Structure formats: C-alpha cells, structure tokens
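Participant: Sequence first, then the predicted structure:
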Amino acid sequence: MKSRATLAWTVLLAAACGAQMASTIARSTPSPGRTVFDCFAGEANAARFDTLSVDQRDLRLVVVRVDKNVYISDATFRRAEDRLTLQVSGRDSEGRTALQVDAQTFYVFFTRRGLEYRERKASDGARHAAETITDRCAPTGESGKESP
C-alpha cells in the first residue's frame, strides 16, 4: 500500500513540475514563407519588439520586448522580457506554409556570474502579442492550433 501512495505522489509531483512555460501557436497559411517572415518582422517592430536574432536562410526570427510594468523586490532583479520566436517551415503536403510562434517570458537577474535569465510562464502580454501578430501575418484559423 505504501508503494502505491508513493507512486501516486510521484506522478502528481511530476505532473506539477512538468508545466509548460512557453505558449506555442502552430499554423499553416497559403502565403509564401518569405512574405510571412517579412510581415512578422514588421509587425513585431510596430509592437515595439527589438530584433534579437535573424536567420534569413532558415526563416527564423527572435524578437524581445522589455516589460517595464513588472517589479520584484529583489536587489538582483533587472527586468522582465517578453520574447517571441518565429520559425517558418517549408510547404506541407497541401502546399501551405507551416509556421510556429513561441511566446516566452524571462526575468533577468544580475548575479555575480553576470546576467541570469529565468524563464517564467508566458505573460499575457507575450501571448497576446504572439496571437495578434500571427493573426495579421498568417490569417487562417482552420488549421491553427494552440497550446497554453
């Protein structure tokens, strides 16, 4: 009996610790990959995101925006960052461009070792920005799926 209780607690603990931090939007669109990529870059810039990384060949873009509304009473806390990662894949079997957008939130701390990024659950602002930009640049809802 004790082993069953231990097993139940282990499963419960594993489920609680395995929470997903990023919010992911996977979608396919009839628009060409380059068009979606350029639109996403422009819309992210308009939403006050700064470009962190660009891969023109593989159509991958990472943008970041500092959230100045977050404050933690920790002397080492510096800022909160919302990060969006766009990955445009090739055409699928139906001839549609597949894309994935990940929204993440990081708290940045300054430690003796330098900056330390701690991932948090994606903020409402990051999720909303990802949804808005994706809806504008890849406007199709029929095959879109999201995970919180």
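Facilitator: Right, received. Where do you want to start? Since the model is a prediction, treat every value here as computed from it, not as a measurement.
Participant: What residues are bridge-paired with the most centrally placed residue in the chain?
Facilitator: The centroid of the chain falls nearest to residue 103 when counting by Cα atoms, centre = their mean (1.8 Å). Beta-bridge partners recorded for residue 103 (DSSP bridges): residue 23, residue 84.
Participant: Would you map the strands across the protein?
Facilitator: Counting by DSSP state E, the chain has strands at residues 23-29, 50-55, 60-67, 77-91, 97-111, 114-120, 145-147.
Participant: so can I have a markdown table of those strands showing distance to residue 38 and mean pLDDT?
Facilitator: Yep, even glycine has a C-beta here, placed from its N, CA and C like the rest. Formatted as a markdown table, the strands of the chain follow (distance: least, Cβ to Cβ, whole Å; pLDDT from 0 to 100):
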| stretch | distance to residue 38 | mean pLDDT |
| --- | --- | --- |
| strand 23-29 | 13 | 91 |
| strand 50-55 | 11 | 95 |
| strand 60-67 | 10 | 96 |
| strand 77-91 | 10 | 92 |
| strand 97-111 | 13 | 94 |
| strand 114-120 | 28 | 95 |
| strand 145-147 | 23 | 45 |
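Participant: Make CSV from those strands and add distance to residue 126 to it.
Facilitator: Formatted as CSV, those follow (distance: least, Cβ to Cβ, whole Å):
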stretch, distance to residue 126
strand 23-29, 7
strand 50-55, 14
strand 60-67, 8
strand 77-91, 4
strand 97-111, 4
strand 114-120, 10
strand 145-147, 13
